[in-house]
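*Asks:* Sequence below, structure please.
(one chain, ligands or ions: 1)
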Amino acid sequence: MQGADPAWLPDEAFRPIGTRHTLIRGSGPLVDTVHGEVAEACVRFGGSVSRDGTLVSCEPYDLVLELTGTDDGDCGEAFTFERGDGRTTVTASGGSGLLYGLFHVVRLGDTAFQGSYGREEHRPESAVRMLDHWDNVAVHPVMGQVERGYAGGSLFWEDGRARGELLGRVRAYGRLLAACGINAVAVNNVNVHEAEARLLTDRIREVAEIAGALRPYGIRTHLSVTFAAPMVLGGLPTADPLDEAVRGWWAEASARVYAAIPDFGGYVVKADSEGQPGPFAYGRSHADGANMLAAVLEPYGGTVHWRAFVYDHRQDWRDRTTDRARAAYDHFTPLDGEFADNAVLQVKHGPMDFQVREPVSPLIGAMPGTRLAVEVQATQEYTGQQRHVCWLGPMWSEVLRFRPHDGADGASVGELARGGLVAVSNVGDDPFWTGHPLAQANLYTFGRLAWQPDADPRRILDEWIGLTFAPGPDDTRLHAGLRTVLDGSWRTYEKYTAPLGVGWMVQPGHHYGPSVDGYEYSPWGTYHFADRDGIGVDRSVATGTGYAGQYAKAWAEVYESPETCPDELLLFFHHVSYGHTLRSGKTVIQHMYDTHFEGVEEVEEAREVWASLAGLMDPARHARVAERFEEQLRSAREWRDQINSYFLRKSGVPDAHGRRIY
Ligand code: GCV
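*Replies:* Presented below is the predicted three-dimensional model:
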């Protein structure tokens, strides 16, 4: 795409295909996309592509891409890959599978054409691999164009309408997403303001334009809707999900949506959450609300993604009995088994809100009769806002591999997410897509983990580096440098911000930079309870809020006691004294001091490594990251000094190493 960074699909990545002879068999819209990709590569690099067996040269084909079923633009995402007798063959029964097979070959590069491979079968673990955009159609006075967006304006919307002339960019986005395995996109904010609400009705044509740009890459479009739509848009006196007129209104609205977008994915709903309307107003349950929408989507094969982010955001900070972490479990587990098959309960991966470290939400694993989707946050609201390098692959991988039942036994979160994996997108209209060019690694990693949740995230990182920076065999310095900068960056971020699971020491509102007590006396339920003696939230069953008891027995026991609770979550589960000795052997206060000093040192080192890579990549990309490192370092020092000073003043305990604290 002109003007947009090629990210992990630079032209060079297609050289191995573009220099060879390819045969494509089958027909249909996604096969056309596959053909277009290969043909373009051949024009660039001198190879050839033929369709349906028409030979363009007497040479044998190096690559055969064969559709064995029908390409109806849907289903059939699996593909097989094999190599023998000097030929590489990809087969798939659906067009999407063929497209994913093509990108598999791109990822392998020359090795796809060397040696022999037995027949490999590839299929996604999760049927829905989705990005939610928190994009506003019109610029919101507080949240701007993209809520929690750190990559410029919206990719889809500008000045209150769909970006007509830029839909080529949306197509390029779809291409990048397909190349990492993503197959669904929700195109507007879950906080639905008036302009966004109307996308469902009189503005559905604009959504259809976006869907048209994403469709060639096998991506289905979803829409966030307001639960109050029958009132706001339909003029009804109620949005009660059990009211016949309300159901009728949704049925008609949905029929019009499908008339405009036949492969529409469905609705995303944030209800009774942070001020959004929902079924509670009518004394109805969230299953009533979700099922009403599921029923109107069902005839078309659509799904409602119903978010479980329901908690009291107007709580009194003096009230020590209400624990926000408990809320989703308390609200939803009584409804297990009541949700329709095409109603997916979308659960944030942690019980609070995308902090740098949280335990896995106890809701995941506690609703066996409900299809759950697990939501992570690629947009770095609480992890440096794409001004800091923070590669989230290891965090997401830990979440997806976590087994909620009885430690090592039972299914992992990745397996339990039968309704799909969802990330809040980190993309905007920035030429690098993600503001910080290295934040592209988060998007790529999410897609690949959604395809295979137990994949090794470091292997995915290597893959991303290999595609994006195309280091040659002699460029080990470039590859190693990039790995050094990214690999430990999440833990580094945790060190200089809010370690030990304490979270929430950010500035209120925009959530960037430190403010230790910023949320301490607020209504949001986000407290650390630091006093002169200690810090942390007692969530034990014995003496605290009882949250630890929401886990299955084995984990409930681990989290219940400060002696067995993992260090990195200690302050999430327990209020302990500053002198409490961690399992690492350090006291809590010394850990605080040490990690904050270490975190800043690690940023300094990473910045040096980055500087040493100048000349080994596109100068614009290098300069953008170098500039962001200056801000990251400034911010990390600010975090270190505010946090350390705060705790020195509270506790009166000096740093064992006598370092400067203010
Ligand atoms: C879209 C957090 C964010 C909000 C976001 C909300 C959500 O509270 O700060 O901006 O709203 O999560 O996930 O709905």
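
*Asks:* how about the CA coordinates for whatever helix or strand residue 108 lives in, as PDB?
*Replies:* Assigned by DSSP states H and E, residue 108 belongs to helix 95-108. C-alpha atoms of helix 95-108 as PDB (Å, rounded to 0.1, in the frame of the first residue of the first chain):
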ATOM      1  CA  GLY A  95     -11.000 -20.100   0.300                       C
ATOM      2  CA  SER A  96      -9.800 -18.800   3.700                       C
ATOM      3  CA  GLY A  97      -7.800 -21.900   4.200                       C
ATOM      4  CA  LEU A  98      -6.000 -21.400   0.900                       C
ATOM      5  CA  LEU A  99      -5.300 -17.800   1.800                       C
ATOM      6  CA  TYR A 100      -3.800 -18.900   5.200                       C
ATOM      7  CA  GLY A 101      -1.800 -21.500   3.400                       C
ATOM      8  CA  LEU A 102      -0.400 -18.900   1.100                       C
ATOM      9  CA  PHE A 103       0.700 -16.800   4.000                       C
ATOM     10  CA  HIS A 104       2.200 -19.900   5.600                       C
ATOM     11  CA  VAL A 105       4.400 -20.200   2.600                       C
ATOM     12  CA  VAL A 106       5.300 -16.500   2.800                       C
ATOM     13  CA  ARG A 107       6.300 -17.000   6.500                       C
ATOM     14  CA  LEU A 108       8.500 -20.000   5.600                       C
END
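
*Asks:* Give me the distance from it to the chain's centre.
*Replies:* In terms of Cα atoms, centre = their mean, to the nearest Å, the centre of helix 95-108 is found 22 Å from the chain centre.

*Asks:* next one: stretch 216-232
*Replies:* Here stretch 216-232 shows a centroid-to-chain-centroid distance of 19 Å under the convention Cα atoms, centre = their mean.

*Asks:* What's the mean pLDDT across it?
*Replies:* What stretch 216-232 shows for mean pLDDT is 98.

*Asks:* Could you check that stretch against the ligand for contacts?
*Replies:* No. On the criterion Cβ under 6 Å from any ligand atom, stretch 216-232 is out of touch with the ligand, staying 9.3 Å away. (C-beta placed from N, C-alpha, C; glycine too.)

*Asks:* contacting residues for residue 14?
*Replies:* Residues in contact with residue 14 (Cβ atoms under 8 Å, 6 or more residues apart in numbering) are 37, 40-41, 44-45, 106.

*Asks:* between those, which is closest to the ligand?
*Replies:* The ligand has its nearest neighbour among the contacts of residue 14 in residue 106, at 33.7 Å by Cβ to the nearest ligand atom.

*Asks:* Once you drop chain neighbours, what's closest to that closest one?
*Replies:* residue 13 (5.4 Å; Cβ to Cβ, 6 or more residues apart in numbering).

*Asks:* If you tally nearby residues, what's the number for the one you found?
*Replies:* 21 (other Cβ atoms under 10 Å).

*Asks:* tell me the phi and psi of residue 91?
*Replies:* phi -130, psi 150 (degrees, to the nearest 10).

*Asks:* no, scratch that, I was asking about residue 143
*Replies:* Per-residue torsions, residue 143: phi -90, psi -10 (degrees, to the nearest 10).

*Asks:* now this structure, which segments are flagged as low pLDDT?
*Replies:* Residue ranges of the chain with pLDDT under 70: 1-2, 53-59, 72-75, 407-409.

*Asks:* Within range of the ligand, give me the residues from it.
*Replies:* Within the chain, the positions adjacent to the ligand are 134, 147-148, 190-191, 270, 274, 309, 353, 381 by Cβ under 6 Å from any ligand atom.

*Asks:* Wait, residue 553 touches residue 365, no?
*Replies:* No. In this structure residue 553 lies outside contact range of residue 365 using Cβ atoms under 8 Å: 11.8 Å.

*Asks:* So which of the two has more stuff around it?
*Replies:* Ranked by neighbour count (other Cβ under 10 Å), residue 553 and residue 365 place residue 365 first, with 21 against 11.

*Asks:* ok, back up a step: of the contacts of residue 14, which belong to strands?
*Replies:* Applying DSSP state E to the contacts of residue 14, no entry is found in strands.

*Asks:* remind me, longest helix of this structure?
*Replies:* Counting by DSSP state H, the longest helix found in the chain is helix 619-651.

*Asks:* related to what we said a few turns ago, give me the distance from whichever helix or strand comes after the helix holding residue 108 to the chain's centre.
*Replies:* Using DSSP H and E, the helix or strand that follows helix 95-108 towards the C-terminus is strand 117-122. For strand 117-122, the separation from the chain centroid amounts to 29 Å (computed by Cα atoms, centre = their mean).

*Asks:* Give me the buried stretch members for strand 117-122, please.
*Replies:* Buried residues in strand 117-122, counting neighbours by 16 or more other Cβ atoms under 10 Å, are found at residue 122.

*Asks:* just the angle between that strand and helix 95-108, please?
*Replies:* Angle of strand 117-122 versus helix 95-108, following axes from the mean of the first three to the mean of the last three Cα atoms, to 10 degrees, is 130 degrees.

*Asks:* Walk me through which strands strand 117-122 pairs with, and which way each runs.
*Replies:* According to DSSP bridges, strand 117-122 forms sheet pairs with strand 79-84 (antiparallel).

*Asks:* Can you show me the CA trace of the partner strand as PDB?
*Replies:* In PDB, the C-alpha atoms belonging to strand 79-84 read as follows (Å, rounded to 0.1, in the frame of the first residue of the first chain):
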ATOM      1  CA  PHE A  79      -5.000 -26.100   5.100                       C
ATOM      2  CA  THR A  80      -2.500 -28.800   4.400                       C
ATOM      3  CA  PHE A  81       1.100 -28.200   3.500                       C
ATOM      4  CA  GLU A  82       3.500 -30.700   2.000                       C
ATOM      5  CA  ARG A  83       6.600 -30.900  -0.100                       C
ATOM      6  CA  GLY A  84       7.900 -33.700  -2.100                       C
END
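
*Asks:* quick one: contacts of that strand?
*Replies:* Outside strand 79-84, the residues that touch it by Cβ under 8 Å, 6+ apart are 88-92, 97-98, 100-101, 104-105, 112-113, 115-123.

*Asks:* Checking residue 549 next. Helix, strand or coil?
*Replies:* Classification of residue 549 using DSSP: H, G, I helix; E, B strand; the rest coil returns helix.

*Asks:* show me what contacts it?
*Replies:* Per Cβ under 8 Å, 6+ apart, neighbours of residue 549: 541, 556, 560.

*Asks:* ranking those residues by neighbours, who comes first?
*Replies:* Top of these by neighbour number is residue 560, holding 21 neighbours under the definition other Cβ under 10 Å.

*Asks:* distance of that residue from the ligand?
*Replies:* Between residue 560 and the ligand the computed distance is 28 Å (Cβ to the nearest ligand atom, to the nearest Å).

*Asks:* Counting by contacts, list what the longest helix of the chain packs against.
*Replies:* helix 489-496, helix 588-612 (3 or more Cβ pairs under 8 Å, 6 or more residues apart in numbering; DSSP states H and E).
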